[in-house]
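1. sequence unknown, structure follows:
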C-alpha cells in the first residue's frame, strides 16, 4: 500500500505517498505564514483602529526592507514558487579527481560522488577510493529516495565511502575493471508497491542515469530477481551492461566514477530545469514506450498466433462487432478487488457503453506482466479508476488521453498530489470525480453529521492509523451513475474532438 503523509518542505513541495506507514497531516495556511494577508482579512472589522494598524504594519514592512531584504523577498518567492530553487551551482558539480563529495542539501535524497580509483568491498559494505594524495574522507549513505522518512530508511543498507592509501589494502586487487561509471542504489524500502517502484525507483534512476546513454553499470543493494524480471526491459534500455548484486557478488569491481544514490524531483514527475538536457516526464514516457516495444510485439504475436479454442470461437463470432469497436473510443477501468472497489462496476460498464465507449476492465495483479498493462493503457483513450497505487499506470497513457480519478472521502489531497497533478504534467486531460458522502459505503455506517462524512480532514488530522482504517481500508464506492455519466460524456466528446483534429492534421 501507499502511505498517507504530508510534510512541508523548504523551497519545494514534497508529498510522500498514500498507503504505507504513519505520517503527519499538519498544514499551515497562508494566513498563518503571511501576517499581512491576515491583517487585510480583518481590517474591515476593526475600522476604528485601522489607521494605527496600517501605520504599524508599514513601519514593520519598512524595517524588513531596510535590514533584511534578501530574507524578505526570498520568503515571498518561496511562497509563490514552492518548487523553485535559487540558481546556485549544484554541490559537487566541479569536484576534482581522487575525492568524495556528498550532496545532502535535498530533503528527499542524498547523493554522493566518487572519482578516481574506486573499488567495491561487499563484505564491509564499503566503496574505497584508493589514492596516495587524498586526505582521509569517510561518508555514510543509505541510497534510497525517502530520506526524510526515518522508519523506512532504517531498513536500507548503509554504505561506507572511504579514501584509503594504496599500501593499506595490498590484497584488494581489481577482479573486474569497468570502463564506464557506476550508479549505486537500493531496491529495498517500499519496493513491491507499483507507486513506490516508479516514484522512488524507476523515475529517479532515469533522472540519474539517462545522460550516460546506456554506458553505465547499475550496482544494486537488496537485489531482487523478481524486480529485475519485472523491470528488466526498462533497465536494459538504461544500461548496456549487466547489473551487479552488491551484497552477493564478492568480487572487487573497479570504476573511475561512481554515483551513490538517486536524484528525485517530485511525485511521479521530472523537473526539466534540473535536467542537463531539459528532459521532462514526457521523455520518460517515451523511454518506456521504446523499452517495452519489443516485448509488446511479442505479446501481440503470441495472442494472434496461439489463440485458445474459446478465443477462436469468440474471434469468429465477433469480427463485425470488433471492427465497430475499433471505431469507438476505448475506455479502460482499472478494477479493485479489495477496499475502495466500485460496487456497481457492472452498471458502470453498461453506462459507459451507452455513452459510446468500447470498455475494457483491467485487474492488475503482482504477477501481471507490466508490458501487458502498458499495451492496454497505451491503446486507451480514457482511464477510470479509484484512487490507489494502481493509478500510477496513468504513466502508460498517451499524452492527450483522459484520466478520470474517482476520489473517495478523505483522500482528496493525496489523490491530487500523487496522481492528479502528475497526470497534468504528463499532458493528460485530468478529471477528478470527488465522491459525495452518499456514494461512499461509509454513509451506511455513520450518522450524516458524523465528522467521518462531514469533515474528513479532522479525521485525517488524528493520524495515519485513522486514515488507513476509515478511508483506505474501510471504504467502498457506489457511484451515482447519473452524476458520473456527465464525466463520461465530457470525456467521450473530448476524445471525438481530438480525433477529428488529428485526422485534419494527418
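-> Looks like it came in fine. Only a predicted model underlies this, so the values are computations on that prediction, with no experimental measurement involved.

2. which non-adjacent residue is nearest residue 337?
-> Nearest residue to residue 337 in three dimensions, chain neighbours excluded: residue 363, at 6.7 Å (CB to CB, 6 or more residues apart in numbering). For every residue, glycine as well, the C-beta is placed using N, CA and C.

3. you'd agree residue 404 is up against residue 433?
-> Yes. The pair residue 404 and residue 433 qualifies as a contact (CB atoms under 8 Å) at a distance of 6.0 Å.

4. shared neighbours of the two, anything?
-> Shared contacts of residue 404 and residue 433 (CB atoms under 8 Å, 6 or more residues apart in numbering): residue 487.

5. quick one: contacts of stretch 412-431?
-> By CB under 8 Å, 6+ apart, stretch 412-431 touches 2, 4, 6, 13, 15, 17-18, 195, 199, 266-269, 280-282, 285, 387, 391-392, 394-395, 397, 399-405, 407, 432, 434, 456, 487, 490-491, 494.

6. what's the span of it, first residue to last?
-> Stretch 412-431 has its terminal residues 13 Å apart, counting by CA to CA, to the nearest Å.

7. now it: how far from the chain's centre is it?
-> Distance of stretch 412-431 from its chain centroid, counting by CA atoms, centre = their mean, to the nearest Å, is 11 Å.

8. that stretch - what's its average pLDDT?
-> Mean pLDDT, computed over stretch 412-431, is 98.

9. equivalent analysis for stretch 169-187, please.
-> Mean per-residue pLDDT for stretch 169-187: 93.

10. mind starting the numbering at 18 from now?
-> Right, with 18 as the first residue, what we last looked at is stretch 186-204.

11. what are the buried residues along it?
-> Buried residues in stretch 186-204, defined by neighbour count with 16 or more other CB atoms under 10 Å: 189, 195, 198, 199, 200, 201, 202, 203, 204.

12. same check, this time on stretch 253-261
-> Residues of stretch 253-261 classed as buried: 253, 254, 255, 256, 260, 261 (neighbour count, 16+ other CB under 10 Å).

13. out of the residues you listed, which is nearest to residue 363?
-> residue 254 (39.2 Å; CB to CB).

14. check contacts around the spatially closest residue to the closest one that is not a sequence neighbour.
-> In space, and not counting its chain neighbours, residue 254 is closest to residue 308: 3.8 Å by CB to CB, 6+ apart. By CB under 8 Å, 6+ apart, the residues touching residue 308 are 250, 251, 253, 254.

15. show me those residues that map onto helices.
-> 250, 251, 253, 254 (DSSP state H).

16. could the residues you listed go into TSV alongside distance to residue 157 and pLDDT?
-> Shown next, in TSV, are the ones in helices among the contacts of residue 308 (distance: CB to CB, whole Å; pLDDT from 0 to 100):
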residue	distance to residue 157	pLDDT
250	34	96
251	29	97
253	31	97
254	32	97
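
17. most widely separated two among the residues you listed?
-> Taking CB to CB as the measure, these span a maximum distance of 7.5 Å, between 251 and 253.

18. and the strands in the stretch 318-467 of the chain?
-> For the stretch 318-467 of the chain, the strands defined by DSSP state E, counting those that start in this stretch cover 347-351, 375-379, 399-403, 419-424, 446-451.

19. could you dump those to CSV with mean neighbour count and distance to residue 440?
-> As requested, the strands of the stretch 318-467 of the chain are exported to CSV (neighbours: other CB atoms under 10 Å; distance: least, CB to CB, whole Å):
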stretch, mean neighbour count, distance to residue 440
strand 347-351, 23, 13
strand 375-379, 17, 17
strand 399-403, 26, 9
strand 419-424, 24, 5
strand 446-451, 18, 5
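
20. possible to save those strands as TSV with distance to residue 291?
-> As requested, the strands of the stretch 318-467 of the chain are exported to TSV (distance: least, CB to CB, whole Å):
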stretch	distance to residue 291
strand 347-351	31
strand 375-379	33
strand 399-403	28
strand 419-424	25
strand 446-451	23
